[in-house]
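Novice: what follows is a predicted structure for the sequence shown.
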Amino acid sequence: METNGQLSPEPPGARRRLEALREALLDLHKTLLESERISYESSFGNISSPYHFLHLVTTDPWFAWLAPVTQLIAAVDETLDSREPLTAAAVEAHVRRAAGLLVATIDGDGFSRHYDEALQRSPEVILAHSVAAKVMRAKS
């Protein structure tokens, strides 16, 4: 955003809030991956290597439900890396998107149902979710 030929400064705390959201989402994503790995291995046996796990995460339908979290993290990264100044509206849009995504419903489809299952089986997922929820509730 330009004002009189100069870029407008970012709102105070906006970058810090978006970075905190990113960190919380990354931790949640990592925790969900670990929870899914354990669940997958209990059904199909041990995953032989980190490469095999990466291959499964990117190609196996078992892990496909995690894609919306991955995509949200990528969108936050793009915003943080942009040459344009960060706006309060952009930060709030990411917070709203995260809040809308991180809803667990037992009767839901896709992400919300799988997310509910992960929350039910893993205290670590509950803790990571609570950190993300705290970041989403915080104001700049």
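Specialist: Cool, got the structure.

Novice: quick one: list the elements packing against the lengthiest helix in the chain.
Specialist: Ranked by residue count, the top helix of the chain under DSSP state H comes out as helix 14-44. When contacts are defined as 3 or more C-beta pairs under 8 Å, 6 or more residues apart in numbering; DSSP states H and E, helix 14-44 packs onto helix 50-59, helix 67-81, helix 88-101, helix 110-121, helix 123-137. (Glycine included, C-beta is placed from N, CA and C.)

Novice: ok, 7 Å please
Specialist: helix 67-81, helix 88-101, helix 110-121, helix 123-137 (3 or more C-beta pairs under 7 Å, 6 or more residues apart in numbering; DSSP states H and E).

Novice: okay, and the helix or strand of the protein with the least pLDDT?
Specialist: strand 2-3 (a mean of 48; mean pLDDT, DSSP states H and E).

Novice: now do the contacts for the residue positioned nearest the centre of the chain.
Specialist: Compute the mean C-alpha point of the chain, and by C-alpha atoms, centre = their mean the closest residue is L25, 3.5 Å away. Counting by C-beta atoms under 7 Å, 6 or more residues apart in numbering, L25 touches V69, L72, I73, V76, A98, A132.
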